[in-house]
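S.K.: Prediction below, plus the sequence it came from.
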Amino acid sequence: MDTHDPGYWVNVGTAPASSAPPPSVPDAPARAWQQTGQIVLLVMLTLFLFDTFLPWQRACLDVSGLGLHIAGCLSANAWSGTAAHIGQAAGVFAIVAILAVGLRLGRVEFGDAGELVTKGCVYGTAAAGGLKWILVIGKLASFGAWIGLLLLLAIAILESVDRLGLQ
């Protein structure tokens with residue numbers, strides 16, 4: 001048969017009819033629910049990372065006397081100030097967790113080790129951030145610490161719900 005003949009490309013034949021049911025995707029709603037949870041977790045981790053750069057501690061000074069008036073505020077974020085190393089650990093855990101969750105959303109499979117790293121980094125973020133909050137709360141805490149606490153609670157709850165399979 002000649003490839004220039006129009007019938008060559010049209011009449012390729014039909015596949016034999018199969019009596020087997022069409023293949024179905026197992027647990028499609030469960031995977032969609034899990035992927036939505038992972039997207040929300042990724043957003044929460046990113047928000048927490050941004051929050052670490054907000055003021056977690058703030059001290060304001062307003063002094064007047066001898067004709068001078070001095071006023072101002074000093075602030076420290078989660079990466080500095082009281083227990084800076086704990087805040088730095090929380091930030092690094094958040095960065096690695098964002099990368100791990102993002103890769104999992106991108107369908108990159110690392111097996112059980114990848115899941116362990118992801119869970120460890122998410123819980124490491126929550127633990128280090130919570131410890132930073134405990135150490136800061138009694139020492140001139142600012143609004144960033146409170147926002148961070150709420151985000152950390154949401155991250156821990158979301159990861160625990162995902163881990164326990166609750167819906």
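M.R.: On my side now, so go ahead.
S.K.: hey, which helix is longest across this protein?
M.R.: helix 111-137 (DSSP state H).
S.K.: now for that helix, which elements pack on it?
M.R.: If contacts are counted by 3 or more Cβ pairs under 8 Å, 6 or more residues apart in numbering; DSSP states H and E, helix 111-137 sits against helix 28-51, helix 84-105, helix 143-164. From N, CA and C alone the C-beta is placed, and that goes for glycine too.
S.K.: closest one to Gly124 among these?
M.R.: Among these, the nearest to Gly124 by Cβ to Cβ is helix 84-105 (3.9 Å).
S.K.: tell me the mean pLDDT over that closest one?
M.R.: Per-residue pLDDT values over helix 84-105 give a mean of 94.
S.K.: who touches it?
M.R.: Helix 84-105 is touched from outside by 35, 38-39, 41-42, 45-46, 48-49, 52, 56, 77-81, 110, 114-115, 117-118, 121-122, 124-125, 128-129, 131-132, 135, with contacts defined as Cβ atoms under 8 Å, 6 or more residues apart in numbering.
S.K.: mind listing what's buried in that helix?
M.R.: 86-98, 100-101, 104 (16 or more other Cβ atoms under 10 Å).
S.K.: which of the contacts of helix 84-105 are buried?
M.R.: Looks like the contacts of helix 84-105 have 38, 41-42, 45-46, 48-49, 52, 56, 77-79, 81, 117-118, 121-122, 124-125, 128-129, 132 buried, using 16+ other Cβ under 10 Å.
S.K.: Perfect, I'm done here.
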